[in-house]
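Participant: Structure for the following, please:
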Amino acid sequence: MTPLLQVTDLTKHFPIRSRAFRSAGGVIKAVDGVSFSVDAGQTLGLVGESGCGKSTTGRLLMRLLTPTSGSIQLDGREIAELRRSDLQEYRRRVQMVFQNPSSSLNPRQSVGSAIAAPLLAQRVTPAGGVKAKVRDLMDRVGLRPDHYNRFPHEFSGGQKQRVGIARALALDPQLIICDEPVSALDVSVQAQVINLLEDIQRDTGVAYLFIAHDLSVVQHFADRIAVMYLGKIMEYGDTERVFGAPEHPYTRALLSAVPQPDPAADRSGRIRLSGDLPSPADPPRGCVFRSRCPVHPRLDPQRRQLCTDSVPSGSIACHHTDVAAEALATTPR
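Facilitator: Below is the predicted model of the structure:
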């Protein structure tokens, strides 16, 4: 079956310019050869540390940014090179929910007007009229009818995010890109928003690209997971497999850092990464994770050179998964 969204070797490099001399000074490799797919009605979780390129990837898929290279196909149609005038139809089918609900809403625009904005911009007239459609969307996301004429400052963070979700649903999209939609909310409100997104997916069949750094949320919500580090995908696969039997050392380190709710839980398996995150302007050659990898120092010289020379293609960007489990089991914590 052809996936709804197919991303192949997607790249976004930002030029570095000196303000003093107004000259180019290399590039920042924010996204560097990312590939994945999203099936209709399914959820792909995109996870990783802050600064790894998750949000940039989401903005590339929404075409808020123009890719440097690579392919983005929706239902087999290439959209990476669409010009601005050709993006209107695409954005009927792909919408976005942003991380900060306060900054994503116009403080001078009422909630009803904010939800109606996509319909007016796309010149879509629903059966029964725009106002009836907006009220239906508000009811769908748990907002009351009397909220229609209120302004964003009158709402809580969770209510604002519900407005953002209603606005994203206005055009009945096939895919919604959720850029850390619950990270700015209280824990109890996070659960309500996640349950709302699940209910919407069950009722409408919409697909999600769910960008997050909270692995426990992604484990509960996503069908597949892509683990990102310094602009590249480290591991990609079904949620059950990635959480149950992670193979890349970076994935193992991330999962070992997930907080345990039980104070008496065994934390001896925590994998602590040494060193700082390299600069995306000068990432390590070959495997970008090798400078922090707990397995790399324990490899023989030939295997180390392999990490420097190339990165394997496929769902796991590591040459040494065969020795990673054993090495990490004996690495001092």
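Participant: What residues are bridge-paired with the residue nearest to the spatial centre of the chain?
Facilitator: In the chain, the residue lying closest to the centroid (Cα atoms, centre = their mean) is I211, at 2.4 Å. In this entry, I211 is beta-bridged to L46, D179, by DSSP bridges.
Participant: That one reaches I176, doesn't it?
Facilitator: No: if you go by Cβ atoms under 8 Å, I211 and I176 don't touch, sitting 11.2 Å apart. No exception for glycine: its C-beta is placed from N, CA and C like everyone else's.
Participant: pull the longest strand from the chain.
Facilitator: Longest strand of the chain, by residue count under DSSP state E: strand 23-38.
Participant: quick one: buried residues of it?
Facilitator: 28-38 (16 or more other Cβ atoms under 10 Å).
Participant: Which of those sits closest to D9?
Facilitator: Distance to D9, by Cβ to Cβ, is smallest for G33 among the buried residues of strand 23-38, at 5.1 Å.
Participant: R59 belongs to a helix, doesn't it?
Facilitator: Yes: using DSSP: H, G, I helix; E, B strand; the rest coil, the assignment for R59 is a helix.
Participant: list the contacts for it?
Facilitator: 65, 179 (Cβ atoms under 8 Å, 6 or more residues apart in numbering).
Participant: going forward, begin numbering at 43 instead of 1
Facilitator: Understood, numbering begins at 43; the last thing we discussed is R101.
Participant: Could you measure from it over to A254?
Facilitator: Applying Cβ to Cβ, to the nearest Å, the value for R101 to A254 is 16 Å.
Participant: can you check A82 too?
Facilitator: Relative to A254, and taking Cβ to Cβ, A82 is found at 21 Å.
Participant: Counting neighbours, go ahead and name the busier of these two.
Facilitator: A254 (22 against 15; other Cβ atoms under 10 Å).
Participant: residues contacting that one?
Facilitator: 87-89, 222, 224-225, 260 are the contacts of A254 under Cβ under 8 Å, 6+ apart.
Participant: of all the residues you listed, which two lie farthest apart?
Facilitator: Maximum distance among those (Cβ to Cβ): 14.3 Å, for L88 and V224.
Participant: between these two, who's got more neighbours?
Facilitator: Shown here are L88 and V224; by other Cβ under 10 Å, L88 has more neighbours (31 against 26).
Participant: so that one sits right up against H255, yeah?
Facilitator: No: applying Cβ under 8 Å as the test, L88 and H255 come out as separate, 9.9 Å apart.
Participant: who touches both of these two?
Facilitator: K96.
Participant: closest to I313 among the contacts of A254?
Facilitator: When the contacts of A254 are compared for distance to I313 (Cβ to Cβ), V89 wins out at 16.0 Å.
Participant: can you dump the C-alpha coordinates of stretch 137-149 into CSV?
Facilitator: Output in CSV follows, covering the C-alpha atoms of stretch 137-149 (Å, rounded to 0.1, in the frame of the first residue of the first chain):
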residue,chain,number,x,y,z
GLN,A,137,-2.5,21.3,8.5
MET,A,138,-0.4,22.0,11.6
VAL,A,139,-0.9,22.4,15.3
PHE,A,140,1.9,24.5,16.9
GLN,A,141,3.7,24.1,20.1
ASN,A,142,2.8,27.3,21.9
PRO,A,143,-1.0,27.9,21.7
SER,A,144,-0.7,31.5,22.9
SER,A,145,1.7,32.6,20.2
SER,A,146,-0.1,30.7,17.4
LEU,A,147,-3.3,32.7,17.9
ASN,A,148,-3.9,36.4,17.0
PRO,A,149,-4.7,38.2,20.3
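Participant: which of the residues in it are buried?
Facilitator: Quick answer for stretch 137-149 (16+ other Cβ under 10 Å): 137-143, 146-147.
Participant: Need the max-distance pair from those residues.
Facilitator: In the buried residues of stretch 137-149, two members sit farther apart than any others by Cβ to Cβ. They are Q137 and N142, at 16.7 Å.
Participant: Please go through the protein and pick out the longest helix.
Facilitator: Assignment by DSSP state H gives helix 229-246 as the longest helix of the chain.
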